[in-house]
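>>> sequence-free structure coming up:
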């Protein structure tokens with residue numbers, strides 16, 4: 001059965017870095033759009049970064065220049081490298097996959113992981 005499992009969330013100080021990983025089971029990542037989303041307390045889930053099948057990336061304005069999405073299809077993994085973290089980056093981060101997507105929005109992604117907590121202290 002398909003599965004997405006995130007890892008790498010942690011408590012980190014402002015200005016620090018983390019790399020989130022998402023391991024896919026029964027997914028051939030080269031055939032899926034993949035993305036990272038986050039949900040902060042009291043807020044709606046938002047798109048952080050997405051990647052098309054061809055490898056074209058998209059980032060939320062708030063993370064451009066600080067976050068980098070990548071994937072390793074041989075290892076069935078998707079990554080989110082997060083640098084210069086800020087307290088406002090605190091959220092549960094979710095990995096997601098879709099057969100097709102026109103934008104990095106929650107409604108277009110069908111497959112979801114359970115999330116990993118990222119907390120950035122000031």
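In hand now; what should we look at? Quick caveat: nothing in here was measured; it's all calculated off a predicted structure.
>>> what does the pLDDT read for the residue positioned nearest the centre of the chain?
For the chain, residue 36 is the residue whose C-alpha lies nearest the centre (CA atoms, centre = their mean; 2.1 Å). For residue 36, the model assigns a pLDDT of 98.
>>> OK, contacts around it?
20, 22, 47-50, 67, 69, 78, 80, 93-96 (CB atoms under 8 Å, 6 or more residues apart in numbering). Heads up, the C-betas are built off the backbone N, CA and C, glycines and all.
>>> the helix or strand encompassing it pairs with which strands, parallel or anti?
Using DSSP states H and E, residue 36 falls within strand 33-39. Within its sheet, strand 33-39 is paired with strand 46-51 (antiparallel), strand 91-98 (antiparallel), according to DSSP bridges.
>>> of the contacts of residue 36, which is the nearest to residue 41?
residue 93 (13.4 Å; CB to CB).
>>> which residues touch residue 93?
Going by CB under 8 Å, 6+ apart, residue 93 touches 6, 9, 20, 36, 37, 38, 48, 80, 115, 116, 117, 118.
>>> over to residue 38?
For residue 38, the contact set (CB under 8 Å, 6+ apart) comprises 45, 46, 48, 89, 91, 92, 93, 94, 118.
>>> and the fourth one, how many neighbours?
This points to residue 89. Per other CB atoms under 10 Å, the neighbour tally for residue 89 reads 22.
>>> gap between it and residue 73?
Distance of residue 89 to residue 73, computed by CB to CB, to the nearest Å: 27 Å.
>>> hang on, the earlier thing: for the strand holding residue 36, list every residue counted as buried.
Buried residues in strand 33-39, counted by 16 or more other CB atoms under 10 Å: 33, 34, 35, 36, 37, 38.
>>> so where do the helices sit in this protein?
Assigned by DSSP state H, the helices in the chain number zero.
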